[in-house]
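1. Got a predicted structure plus its sequence, pasted below:
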Amino acid sequence: MDYSVGSKAQSAEIIELFIETFTASEGKEEGLLIGELVRKMLATTPEKDLYLFTAQEQGNLTGCIIFSPLTFEQDSRTVFILSPVAVHPNHQGQGVGQALISYGLDTLRNAGIDVAITYGDPAFYSKVGFYPISETIAQAPLALQHPEGWLGQSLNETELRPLQGPSQCVDALNDPTYW
């Protein structure tokens, strides 16, 4: 499996991966919803604000993760949110997602990013260093439907201290449907 930095040039292939992955696990409606989220993220978020990471096997896209900024008005630390994540159904359960996320986190760490946050299954994301956080540590940009899925980790040598101020995500994620 090859892990690398992805590019907006792969947009059509990336969108299709998300649609196929989420359709297989959550149904057609969810697949289309997440496919549209990814399309909007790739179309409207400046490239400098996106970190795309891909997993490929023999030239075929098998996984993709996207990190985008999560800004806190009164805090100088650099924070990125991991969302969404897709591993092709034929490659799930083989460690591809964990390896891809670890690769992405290492790249962000090396780029000087201070904090990574995600919103998802604690059992899965704990395997790559995320742990449950409360909104006293990091206020979500919108109301969380599942607060137990609000997860974070420090990417530098320091403990994750509370992030100051309200947060703002990229426009594509700024929709209560995803929270």
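-> Arrived safely.
2. The spatially most central residue of the chain pairs with what?
-> Residue closest to the average C-alpha location in the chain (C-alpha atoms, centre = their mean): Leu82, at 1.9 Å. For Leu82, the beta-bridge partners are Phe67, Thr118 (DSSP bridges).
3. Please tell me how far the residue lying farthest from the centre of the chain sits from Pro176.
-> In the chain, the residue that sits farthest from the middle, by C-alpha atoms, centre = their mean, is Gln58; the gap is 24.3 Å. According to C-beta to C-beta, to the nearest Å, Gln58 and Pro176 sit 40 Å apart. Any C-beta I mention is one placed from the backbone N, CA and C, and that applies to glycine too.
4. Tally up the residues packed near Pro122, please.
-> 16 (other C-beta atoms under 10 Å).
5. excluding its backbone neighbours, what's nearest it?
-> Excluding its sequence neighbours, the residue lying closest to Pro122 (C-beta to C-beta, 6 or more residues apart in numbering) is Pro132, at 5.7 Å.
6. Tell me how many other residues crowd that neighbour.
-> The number of residues packed near Pro132 is 14, by other C-beta under 10 Å.
7. residues contacting it?
-> Neighbouring residues of Pro132 by C-beta atoms under 8 Å, 6 or more residues apart in numbering: 122, 148, 150-151.
8. I'd like these written out as CSV, with secondary structure, distance to Gly6 and pLDDT added.
-> Output for those, formatted as CSV (DSSP: H, G, I helix; E, B strand; the rest coil; distance: C-beta to C-beta, whole Å; pLDDT from 0 to 100):
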residue, secondary structure, distance to Gly6, pLDDT
Pro122, helix, 26, 97
Glu148, helix, 30, 97
Trp150, strand, 26, 98
Leu151, strand, 23, 98
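9. Okay, now the unreliable bits of this protein?
-> For the chain, not a single residue meets the criterion pLDDT under 70.
10. Mind jotting down where the helices sit in the chain?
-> Applying DSSP state H to the chain gives helices spanning 11-26, 28-44, 96-110, 122-125.
11. Pro166: which of those helices is closest?
-> Of all the helices of the chain, it is helix 28-44 that lies closest to Pro166, at 21.1 Å by C-beta to C-beta.
12. Also compute the angle for that closest one relative to helix 11-26, please.
-> 150 degrees (axes from the mean of the first three to the mean of the last three C-alpha atoms, to 10 degrees).
13. Which positions in helix 28-44 come out as buried?
-> For helix 28-44, the neighbour count (16 or more other C-beta atoms under 10 Å) marks 31, 33-35, 37-39, 41-42 as buried.
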